[in-house]
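Trainee: how would this look folded up:
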Amino acid sequence: MLVCTDGSTTLLLNALVGEGLSVRVDHQRQIPAAQVQRIGCHILGAAPNALVVDRQSRILTPDSDVISVNRVVIAGPHSDRLIPPPDELLGPYLKKSGLAMKREAIAAALDTWPLSGDASPECASKEYIIDCGDAGRVYIHEKFNPRYVPLEKDG
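Mentor: Residues are numbered from 1 along each chain as shown. Presented below is the predicted three-dimensional model:
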C-alpha cells in the first residue's frame with residue numbers, strides 16, 4: 001500500500017511508526033537541469049540551463065532510525081515556494097502551502113537500500129511527481145528501509 005498509493009507517503013509512514021517523523025537534509029543545492037537530465041529535463045520539463053533544486057534527505061522515526069532515503073528535484077517558475085525549510089517534511093509543507101497538487105506515479109520497484117554498508121539488501125522504492133500547477137513540479141524518489149517496509153516473499 002505504501003509503495004502503490006497516490007496519496008501522502010508521510011501520512012502512511014506516520015501510521016506505520018507513530019507520530020513524530022522528522023527529516024534530515026543531507027544536501028540541497030541549485031544546479032542546472034542538464035546535470036540531472038532524466039529528472040530535470042525529461043520528467044520535469046525544465047530547460048537544460050534552468051536551475052532546479054536537488055535535495056537529498058532522510059525521514060527519521062522518533063528514535064532517529066532512518067525509515068526512508070529521498071531524492072527530490074524541484075523545478076518551475078516559482079519553485080522557491082515548493083522548498084521546505086530544512087526541518088520540515090516536504091509533503092506536509094506543500095499541503096500547508098495551499099497550492100493545488102496532483103500526484104503522478106512514475107514507478108514502484110525493487111531497489112538497493114543505500115545505508116547497509118556492504119550488505120546492500122533490497123528495498124521497496126517509488127518515484128512520483130507532485131504537480132503544483134503554476135508554481136512548478138516536484139520529483140520524488142523514495143527508498144524504504146526494509147526493516148520497516150519489508151518485501152513480501154512468495155511461499
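
Trainee: Relative to Glu152, how far out is the residue nearest the centre of the chain?
Mentor: Nearest to the mean C-alpha position of the chain, counting by CA atoms, centre = their mean, stands Ile140 at 3.5 Å. Look at Ile140 and Glu152: by CB to CB, to the nearest Å, they are 23 Å apart. Every C-beta, even on glycine, is put in place using the N, C-alpha and C of the backbone.

Trainee: ok so Glu19 is a strand residue?
Mentor: No - under DSSP: H, G, I helix; E, B strand; the rest coil, Glu19 falls outside any strand and is assigned coil.

Trainee: Same question for the spatially closest residue to it that is not a sequence neighbour, what's its three-state structure.
Mentor: Excluding the flanking residues, the one nearest Glu19 by CB to CB, 6 or more residues apart in numbering is Pro62, at 7.6 Å. Using three-state DSSP, the structure places Pro62 in coil.

Trainee: Look at Pro62 and say how many residues are nearby.
Mentor: Residues lying near Pro62 (other CB atoms under 10 Å) number 11.

Trainee: residue contacts, Ser138?
Mentor: For the record, residue 138 is Val, not Ser. Val72, Val73, Ile74, Leu82, Leu90, Leu94, Ile129, Ile130, Cys132 (CB atoms under 8 Å, 6 or more residues apart in numbering).

Trainee: Repeat that for Ala47.
Mentor: Ala33, Cys41.

Trainee: repeat for Gln30
Mentor: Counting by CB under 8 Å, 6+ apart, Gln30 has contacts Leu51, Val52, Val53, Asp54.

Trainee: which one is Thr61 nearest to, not counting chain neighbours?
Mentor: Nearest to Thr61 is Val17, by CB to CB, 6+ apart, at 4.9 Å.

Trainee: these two touch, right, that neighbour and Arg147?
Mentor: No - Val17 lies out of contact with Arg147 (CB atoms under 8 Å); the separation is 10.7 Å.

Trainee: So for these two, which sits in the more crowded spot?
Mentor: Neighbours were counted for Val17 and for Arg147 using other CB under 10 Å; Val17 has more, 16 against 13.

Trainee: ok, which stretches of the protein are helices?
Mentor: 9-17, 37, 90-97 (DSSP state H).
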